[in-house]
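1. What follows is a predicted structure for the sequence shown.
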Amino acid sequence: MQATERTIPLRHPDAFYIDGHWMPAPHSDTFEVLDCSTERVAAHVARADAEIAARAIDAARRAFDRGPWPRMTPGERSVYLEKIAQRLEEANDAFARGWSIESGILQRIAKPRIGQFLGAAFRQYAAMAETYPFVEPRRSATGHQAYAVKEPAGVVLAIVPWNGPAALLAYKVAPALLAGCTVVVKPSPEAPTSAYLFAQICDEIGLLPGVVNVLTADRDVSETMVRNPAVDKITFTGSTSAGRSISEAAAGRIARVTLELGDKSAALVLDDYDIDAAAQALGQPYFSYLTGQVCHSLTRIIVPRAKHDTMVEALSAAARAMVPGDPFDDGTTVGPLATARQRDTVERYVAKGIAEGATLAAGGARPRHLSRGFFFEPTVFGNVDNRAAIAQEEIFGPVLSVIAADSEAHAIELANDSIFGLNAVVFTSDAGRALNVARRLRTGSVGHNASRTDFSIGFGGFKQSGIGREGGVEGLNAFVESKTIVLDQPLA
């Protein structure tokens, strides 16, 4: 493997992108970006303090209050989105490489996924410039000429997580820009390179100063940004605990929030569906895609009690067949976890599962043959109580729990017995039955015979899985305010 394959092409890692230019860091504090499969330092990026964060927010505030961006037509703004989309597509491999280095996703999965989400998000929202009802003529109750207008929400703080940084950045920033908002992007210190690559593109295409600003900061600085009264809207993807803190801080000043948070997504395998077919859809694809570090992963496998053991055996066989290793190696089928901290979390939950009486059927430890990297074996538990910690709390790693149900109604009850509600799947040969069960599940997305989340339509959760939606028309609604204008007389 060539050394260049592990290089992330950052031009200004020692600077922040603020007000349309790269501002050198006034100090030498940096974040180390680790290659999670080797534990070597892959890059350094500048660490922002509260003063730098305030400058970025001030730049976005000026660009919104005084600049032309919010006053452009949606069509004029869409031209910039199209330019960004083209450059994102050209930089596909750089984004994919950074994703594998920082988060552990297999490179052969990362490349097409980046292509599927990044440019597509900006093109989808660029097209909405012609279809979204930014201004609708209405007739008021008194018979006057009226208009229902959608105007930009204002300055947006976009807090991006480490597990899918590029795609989640795109589905936050693209609709915000089309709406006419200005944005401060705050990536995770563990995975900041996608945001830096994105800032390079904004700089290259000549995006107006202050419209997009990018910096990396720790949680304490992020909290000052959330509380900054110059920020009108916060859009956050991450843990439910962090989302609660953001929601509480935003509530104090009635700031708008979109929160995409955690889950314990359930897969309901009904009695008419083949267990081996379900296991093929649930096992290897789950372990391969980001090593289970996905908020909408199907981690609770709810099956008829009579088929419990068969499902445990099938999933265990899939887990044991996985090949952990370097995500750039074509022979690897499961990569590392993103950080040592995340691996430690997974280990703690495995210990909890055993202590609570679940049956450890496969995995449960670090691979013995890999001395470097944050690897953990694909793990399967059987005989899991739905109230156990491993069934109720988000693990964010390669751990599946198989739960027995006594009937279809019981399976739905178990699936809904959670503080979360982001995603679910119903396995059945009957589409009508799938639709009926899906309507009874308290989740934001439900797939039939496979996980079928779709950002082009909308993505988000019920209960403590979040507030609001990302993607599609609802994702644009999140960045506009509705205004009613009623005229005393018709326009000339």
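-> Yep, that arrived. All of these numbers come straight from a predicted model, not from anything done at the bench.
2. tell me the centre residue of this structure?
-> residue 168 (4.7 Å; C-alpha atoms, centre = their mean).
3. Quick one: the strands in the stretch 101-250 of the chain, in order.
-> For the stretch 101-250 of the chain, strands defined by DSSP state E, counting those that start in this stretch occupy the ranges 135-139, 145-152, 155-159, 182-186, 212-214, 233-237.
4. so which of those strands comes closest to residue 87?
-> strand 212-214 (13.0 Å; C-beta to C-beta). For glycine as for every other residue, the C-beta is placed from the backbone atoms N, C-alpha and C.
5. elements contacting the closest one?
-> strand 15-18, helix 50-65, strand 182-186, helix 193-205 (3 or more C-beta pairs under 8 Å, 6 or more residues apart in numbering; DSSP states H and E).
6. Distance-wise, check the residue lying closest to residue 307 once chain neighbours are set aside relative to residue 327.
-> Using C-beta to C-beta, 6 or more residues apart in numbering and skipping residues adjacent in sequence, the residue nearest residue 307 is residue 275, 5.2 Å away. According to C-beta to C-beta, to the nearest Å, residue 275 stands 30 Å off from residue 327.
7. again with residue 68
-> Taking C-beta to C-beta, one finds residue 68 at 43 Å from residue 327.
8. Comparing those two, which residue is more hemmed in?
-> residue 327 (27 against 10; other C-beta atoms under 10 Å).
9. tell me the secondary structure for that one?
-> With DSSP: H, G, I helix; E, B strand; the rest coil as the basis, residue 327 sits in coil.
10. Could you double-check that it sits in contact with residue 111?
-> No. Counting by C-beta atoms under 8 Å, residue 327 does not reach residue 111; the two are 11.3 Å apart.
11. show me what contacts residue 362?
-> 315, 316, 319, 320, 377, 378, 379, 380 (C-beta atoms under 8 Å, 6 or more residues apart in numbering).
12. Need the pLDDT of it.
-> pLDDT, residue 362: 98.
13. which strand residues sit across from it in the sheet?
-> residue 380 (DSSP bridges).
14. what's the neighbour count on the closest residue to residue 202 other than its chain neighbours?
-> Using C-beta to C-beta, 6+ apart and skipping the chain neighbours, the partner closest in space to residue 202 is residue 212 (4.7 Å). Residues lying near residue 212 (other C-beta under 10 Å) number 32.
15. For residue 212, which residues are in contact?
-> 17, 173, 177, 182, 183, 185, 198, 199, 202.
16. again, 7 Å this time
-> By C-beta atoms under 7 Å, 6 or more residues apart in numbering, the contact list for residue 212 reads 173, 183, 185, 199, 202.
17. between those, which is nearest residue 285?
-> residue 173 (28.4 Å).
18. Not including adjacent chain positions, what is the nearest residue to the closest one?
-> Counting by C-beta to C-beta, 6+ apart, the residue nearest residue 173 is residue 183, at 5.6 Å.
19. Could I get the full set of helices for the stretch 251-400 of the chain?
-> 275-282, 284-288, 308-321, 340-355, 389-392 (DSSP state H, counting those that start in this stretch).
20. As TSV, those with distance to residue 373 would be great.
-> Below are the helices of the stretch 251-400 of the chain laid out as TSV (distance: least, C-beta to C-beta, whole Å):
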stretch	distance to residue 373
helix 275-282	25
helix 284-288	16
helix 308-321	18
helix 340-355	9
helix 389-392	24
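21. could you dump those helices to JSON lines with mean pLDDT, mean neighbour count and distance to residue 260?
-> Listed next are the helices of the stretch 251-400 of the chain as JSON lines, based on pLDDT from 0 to 100; neighbours: other C-beta atoms under 10 Å; distance: least, C-beta to C-beta, whole Å:
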{"stretch": "helix 275-282", "mean pLDDT": "98", "mean neighbour count": "19", "distance to residue 260": "23"}
{"stretch": "helix 284-288", "mean pLDDT": "97", "mean neighbour count": "22", "distance to residue 260": "20"}
{"stretch": "helix 308-321", "mean pLDDT": "98", "mean neighbour count": "20", "distance to residue 260": "27"}
{"stretch": "helix 340-355", "mean pLDDT": "98", "mean neighbour count": "17", "distance to residue 260": "18"}
{"stretch": "helix 389-392", "mean pLDDT": "98", "mean neighbour count": "20", "distance to residue 260": "20"}
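22. where along the stretch 301-450 of the chain do the strands fall?
-> Using DSSP E, counting those that start in this stretch, strands in the stretch 301-450 of the chain cover 359-362, 379-382, 399-405, 423-427, 445-448.
23. in the first one, what's buried?
-> Right, the one you point to is strand 359-362. Residues of strand 359-362 classed as buried by neighbour count (16 or more other C-beta atoms under 10 Å): 360, 361, 362.
24. Figure out which of the helices and strands packed on strand 212-214 is closest to residue 300.
-> Short answer: helix 193-205, nearest of those by C-beta to C-beta, at 30.0 Å.
25. Taking strand 155-159 as reference, get the angle to the closest one.
-> Angle of helix 193-205 versus strand 155-159, following axes from the mean of the first three to the mean of the last three C-alpha atoms, to 10 degrees, is 140 degrees.
26. who touches helix 193-205?
-> 8, 10-11, 13, 17, 33, 43, 45, 80, 83-84, 87-88, 91, 94-95, 98, 102, 160, 165-166, 169, 185, 187, 212, 214.
27. Since that was my last question, I'll sign off now.
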